[in-house]
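>>> Any chance you could fold what I've pasted below:
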Amino acid sequence: MTDDVTPPSRRYSGSFVVGDRVRLTGPKAKMHTLTLKHGAEFHSHRGFVKHDDIIGAEDGSVILSSSGEQYLALRPLLSDFVMSMPRGAAIVYPKDAAQILALADIYPGATVLEAGVGSGALSMWLLRAIGPAGQLISIERREEFAEIALDNVASFYGATPPNWQVTVGSFEDEATTAFGPGAVDRVVLDMLAPWECVDACGDVLKPGGVVICYVATVTQLSRTVEAFRASGQFTQPESSETMVRGWHVEGLAVRPDHRMVAHTGFLTVARRLAPDTVLPELKRRASKSDFDESDVLAWTPDAVGIHEKSGKALKKNLKRANTMREETGAQC
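Model (predicted):
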């Protein structure tokens, strides 16, 4: 391959060539992503960097701008790319994508059915996990989202992977059209109402196959879990969320970061039972249907340790509140 030819597929290592995507990190840790072209320049208020100075350099090199500023040049990781790519719909964050790959046991050569392609972020992780021997079919209701996803995936990989197909339509219709009964190894649902697709998942999944759902709210989570239970085709669903907290480590100043990637969504996982199999009933604690009036005694303020403020403390706080209002001139 020469420097005059755009690479036909994603390059993960080696010297930079024309067509490679490069992430430049400036002096204040601000990142810029660009695609290398002969004769082109990257401009900022700190001067400009010639693309020709980057072409031929090794991954991880430091490049000087016209003003002498140093820029670190690295190939973007997949996690870098998905966080900065154009979005039609909200993306699945890398922390959730990693959990999906692990919890759903996505493996090389697997046949995976994805619903809700969004901007294509999760599709990229799935394609990498299944490898060239696997097959991914992504179903998206909105055509404009599908187009953005196709562009994003092609931009990252250098071309649209031949083992990836994007279909526009509803999951219930397209899933059974694309696959016969028991033909799919894994189903990944990232959509508004996954409970509507439970029966279709049961139709296409192999016995023992895994379905994983990504939803944003507790109401969606509840409906999804109950739908799996009611279908009688799956194991007991398991639900979780993932929170990632970074740490500031500088000498002896070691502490959690002030900001963290907290709640982004809930994951629910279940496995397809063999046909005509009845799931053994699990022993569980009493539900609200087994409610006993005597249980009310367990929820008195004294029992749960609620501390009631004394009248004296309330009067003191009321006086403070009145004083603060009067000092500001606020009308009550």
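>>> partners of the longest strand seen in the chain in the sheet?
When the chain is parsed with DSSP state E, its longest strand is strand 205-215. Using DSSP bridges, strand 205-215 pairs in its sheet with strand 184-190 (parallel), strand 266-271 (antiparallel).
>>> Adding mean neighbour count, distance to Thr167 and mean pLDDT as columns, could you present these in TSV?
(Glycine included, C-beta is placed from N, CA and C.) Shown next, in TSV, are the strands paired with strand 205-215 (neighbours: other CB atoms under 10 Å; distance: least, CB to CB, whole Å; pLDDT from 0 to 100):
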stretch	mean neighbour count	distance to Thr167	mean pLDDT
strand 184-190	25	14	97
strand 266-271	21	24	98
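>>> what residue is smack in the middle of the chain?
Nearest to the geometric centre of the chain sits Val92, at 2.2 Å (CA atoms, centre = their mean).
>>> so that residue is in which element?
Val92 belongs to no helix or strand when assigned by DSSP states H and E.
>>> Please apply the same query to Gln99.
Short version, using DSSP H and E: Gln99 is in helix 94-103.
>>> tell me which residues in that helix are buried?
Across helix 94-103, burial judged by 16 or more other CB atoms under 10 Å covers Pro94, Asp96, Ala97, Gln99, Ile100, Leu101, Leu103.
>>> Same check on stretch 224-237?
Judged by neighbour count using 16+ other CB under 10 Å, the buried positions of stretch 224-237 are Thr224, Val225, Ala227, Phe228, Gln233, Phe234, Thr235, Pro237.
>>> contacting residues around Ala216?
By CB atoms under 8 Å, 6 or more residues apart in numbering, the contact list for Ala216 reads Thr264, Gly265, Phe266.
>>> Mind putting those into CSV with distance to Val22?
Shown next, in CSV, are these (distance: CB to CB, whole Å):
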residue, distance to Val22
Thr264, 28
Gly265, 31
Phe266, 36
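>>> Next, the buried residues of stretch 10-18.
The neighbour-count check on stretch 10-18 (16+ other CB under 10 Å) flags Arg10, Arg11, Phe16, Val17, Val18 as buried.
>>> With stretch 193-212 instead?
194-198, 200-205, 209-212.
>>> just stretch 21-34 next, same as before
Arg21, Val22, Arg23, Leu24, Gly26, Leu34.
>>> For this protein, name the helix or strand with the lowest mean pLDDT.
When the helices and strands of the chain are compared on mean pLDDT, DSSP states H and E, helix 301-304 comes out lowest with a mean of 50.
>>> what's the closest of the buried residues of stretch 10-18 to Ile130?
Checking the buried residues of stretch 10-18 against Ile130 with CB to CB, the nearest one is Arg10 at 15.5 Å.
>>> pretty sure that closest one contacts Ala154?
No - the pair Arg10 / Ala154 is not scored as a contact, 10.2 Å apart, by CB atoms under 8 Å.
>>> Okay, helices next: where are they in the stretch 1-150 of the chain?
With DSSP state H, counting those that start in this stretch as the criterion, the stretch 1-150 of the chain has helices at 51-54, 78-84, 94-103, 121-130, 143-157.
>>> on that earlier part again, what's the most distant pair in the buried residues of stretch 21-34?
Farthest pair in the buried residues of stretch 21-34 (CB to CB) is Arg21 and Gly26. Separation: 16.9 Å.
>>> just to revisit the earlier point, show me what the helix holding Gln99 is in contact with.
Defining contact as CB under 8 Å, 6+ apart, one finds that helix 94-103 is touched by 78-79, 82-83, 92, 106, 121-122, 125-126, 129, 188, 210, 212, 214, 240, 242, 244, 261, 264-265, 267, 269.
>>> Fine by me, thanks again.
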